[in-house]
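Student: Quick one: sequence plus predicted model below, questions after.
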2 protein chains.
Amino acid sequence: MARPTSPVLSVEKIARAALALVDRTGELVVGRLARDLGVSASSLYHHLPSKAAIVEAVRAEVFRAMPRPPEGVLDGTADRAEGEAALRALLRAYRDCFAAHPRVIGLLTSHTVSAPEVLAVYDDLTATLLAAGVRESRLLDVVTVLDSFVIGSALDLAAPEEVWDAERAGHPALAAALRAAPRGRQRADLAFDAGVDLLVGGLVRG
Amino acid sequence: MARPTSPVLSVEKIARAALALVDRTGELVVGRLARDLGVSASSLYHHLPSKAAIVEAVRAEVFRAMPRPPEGVLDGTADRAEGEAALRALLRAYRDCFAAHPRVIGLLTSHTVSAPEVLAVYDDLTATLLAAGVRESRLLDVVTVLDSFVIGSALDLAAPEEVWDAERAGHPALAAALRAAPRGRQRADLAFDAGVDLLVGGLVRG
């Protein structure tokens, strides 16, 4: 008896294929996704009823690897130093999730976050900010500032080894600054740590 | 006598069409750009010899509206307060240039900056940082931190009115934070100003 040749669909399978498609092309075109999966668009929509739902499945897939903060942060028994350490770890992991899929960033930031798994990540972040000493009235400001910095840093981490071709156009100040600094991953990591230090220090004390 | 129907090409005309194409589709496909302009790819390449050259023309187009810092900042006679004020103005203008073209951001961050007009913007930024009191040995770190924050803030400014659908999944801490905060442009602007305050304050004194 012949086995069915059409693949068995699942939300996870669609999310992975959609992520791979955006990684490859920078766009999420539903007809192309259906073709990649060897199915019809209507069988896709049986699992994820709209393009927005597919975007949210991609978002959940990108953040699948996010760690949880330590138990003490979540139950409110951690001290501020533990809260700050947990915050730094969370921000780095968040950057690395985005940096692994730079072409997906624009798609994700142009859609409202509604994936429950990703809202849970933001809830963990909020709990960690409280543990680190951020005042409740500033929480959303702080989440937005950190979000913006992390997203920009993820794009920076995914940038070419040489970000500025400063020798070319003869800009002496920029060229000297570039010669004095490390390059590639090390440049990106040093800047990320410097930014996190400033933001976390200022936000916790502010 | 019939007038020629093929448009007269120029670098600026190609840059504008390429920017419009990426704004519309999120991608820079050279064949599609040539079609948009009603010309052949080879006549395109007569003006801009590679895809990288087209990307740089797009970059210059995005930043065409960037203001110059005041004369005193450029000639080194400004005091620190003037330097800081010029830095804030530059960062906001830089964010607004990116935010007007959110789908272009990923294309620009994945290519080395070599457009002379844009390297000149970074040179102005470097001069302004020196005027604001940043030490020379930290310049590139500082440029990278600010760049990352500004790029993330531009994506945030272009985000939907509702960034998080927090009511939906029942995350009490995040939902309370969202209810307490402004939305849309006001949310984005407040967070941008808060981040600039922290970063500029810390970087200038650090």
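Tutor: Received the coordinates, thanks. Residues are numbered from 1 along each chain as shown, chains lettered A, B, ... in the order given.

Student: domain parsing for chain A?
Tutor: With domains defined by automatic domain parsing, chain A comprises A:11-62, A:71-205.

Student: how far does the shortest one stretch from start to finish?
Tutor: Which is domain A:11-62. Taking Cα to Cα, to the nearest Å, domain A:11-62 runs 14 Å from one end to the other.

Student: Quick check: pLDDT value at A:Val113.
Tutor: pLDDT, A:Val113: 93.

Student: For it, give the beta-bridge partners.
Tutor: B:Trp164 (DSSP bridges).

Student: Is it correct that it is in contact with A:Ala60?
Tutor: No: at 10.2 Å, A:Val113 and A:Ala60 do not qualify as touching, with contact defined as Cβ atoms under 8 Å. Every residue, glycine included, has its C-beta placed from N, CA and C.

Student: Looking at the two now, which is surrounded by more residues?
Tutor: Set A:Val113 next to A:Ala60 and count neighbours by other Cβ atoms under 10 Å in any protein chain shown: A:Val113 wins out with 23 against 20.

Student: which residues touch that one?
Tutor: Applying Cβ atoms under 8 Å, 6 or more residues apart in numbering or on different chains, we find A:Val113 in contact with A:Glu56, A:Arg59, A:Leu119, A:Tyr122, B:Val163, B:Trp164, B:Asp165.

Student: Could you dump those into JSON lines with neighbour count, pLDDT and distance to B:Ala78 added?
Tutor: Output for those, formatted as JSON lines (neighbours: other Cβ atoms under 10 Å in any protein chain shown; pLDDT from 0 to 100; distance: Cβ to Cβ, whole Å):
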{"residue": "A:Glu56", "neighbour count": "24", "pLDDT": "96", "distance to B:Ala78": "48"}
{"residue": "A:Arg59", "neighbour count": "23", "pLDDT": "97", "distance to B:Ala78": "45"}
{"residue": "A:Leu119", "neighbour count": "24", "pLDDT": "92", "distance to B:Ala78": "46"}
{"residue": "A:Tyr122", "neighbour count": "23", "pLDDT": "92", "distance to B:Ala78": "41"}
{"residue": "B:Val163", "neighbour count": "22", "pLDDT": "89", "distance to B:Ala78": "37"}
{"residue": "B:Trp164", "neighbour count": "24", "pLDDT": "88", "distance to B:Ala78": "41"}
{"residue": "B:Asp165", "neighbour count": "18", "pLDDT": "86", "distance to B:Ala78": "46"}
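
Student: Including distance to A:Ile105, could the residues you listed go into TSV?
Tutor: Converted to TSV, those look like this (distance: Cβ to Cβ, whole Å):
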residue	distance to A:Ile105
A:Glu56	15
A:Arg59	11
A:Leu119	18
A:Tyr122	16
B:Val163	14
B:Trp164	17
B:Asp165	19
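
Student: Tell me the one among the residues you listed nearest to B:Val11.
Tutor: B:Val163 (37.4 Å; Cβ to Cβ).

Student: Now that closest one, what are its backbone angles?
Tutor: Backbone torsions for B:Val163, taken as degrees, to the nearest 10, come to phi -80, psi -40.

Student: does A:Gly152 count as helix, strand or coil?
Tutor: With DSSP: H, G, I helix; E, B strand; the rest coil as the basis, A:Gly152 sits in helix.

Student: Could you give the number of residues near it?
Tutor: Neighbours of A:Gly152 under the rule other Cβ under 10 Å: 31.

Student: isn't it right next to B:Leu146, touching?
Tutor: No: if you go by Cβ under 8 Å, A:Gly152 and B:Leu146 don't touch, sitting 9.2 Å apart.

Student: Output the contacting helices and strands for the host helix or strand of A:Leu44.
Tutor: For A:Leu44, the enclosing helix or strand under DSSP states H and E is helix A:41-47. Other helices and strands packing on helix A:41-47, by 3 or more Cβ pairs under 8 Å, 6 or more residues apart in numbering or on different chains; DSSP states H and E, are helix A:11-25, helix A:30-37.

Student: what's the most buried one of those helices?
Tutor: Highest mean neighbour count among those (mean count of other Cβ atoms under 10 Å in any protein chain shown): helix A:11-25, with a mean of 18.

Student: distance between that one and the chain's centre?
Tutor: Distance of helix A:11-25 from its chain centroid, counting by Cα atoms, centre = their mean, to the nearest Å, is 16 Å.

Student: quick one on the thing from earlier: may I see the helices and strands packed on helix A:41-47 arranged in a markdown table, with mean pLDDT as well?
Tutor: Conversion of the helices and strands packed on helix A:41-47 to a markdown table gives the following (pLDDT from 0 to 100):
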| stretch | mean pLDDT |
| --- | --- |
| helix A:11-25 | 96 |
| helix A:30-37 | 96 |
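
Student: Out of those helices, which is closest to chain B?
Tutor: When the helices and strands packed on helix A:41-47 are compared by Cβ to the nearest Cβ, helix A:11-25 sits nearest chain B, at 7.0 Å.

Student: residues making contact with the closest one?
Tutor: Against helix A:11-25 from outside (Cβ under 8 Å, 6+ apart): A:7, A:27-29, A:32-33, A:36-37, A:44, A:47-48, A:54, A:57-58, A:60-62, A:101, A:103-104, A:107, B:27.

Student: now the angle from it to helix A:30-37?
Tutor: If you take axes from the mean of the first three to the mean of the last three Cα atoms, to 10 degrees, helix A:11-25 sits at 110 degrees to helix A:30-37.
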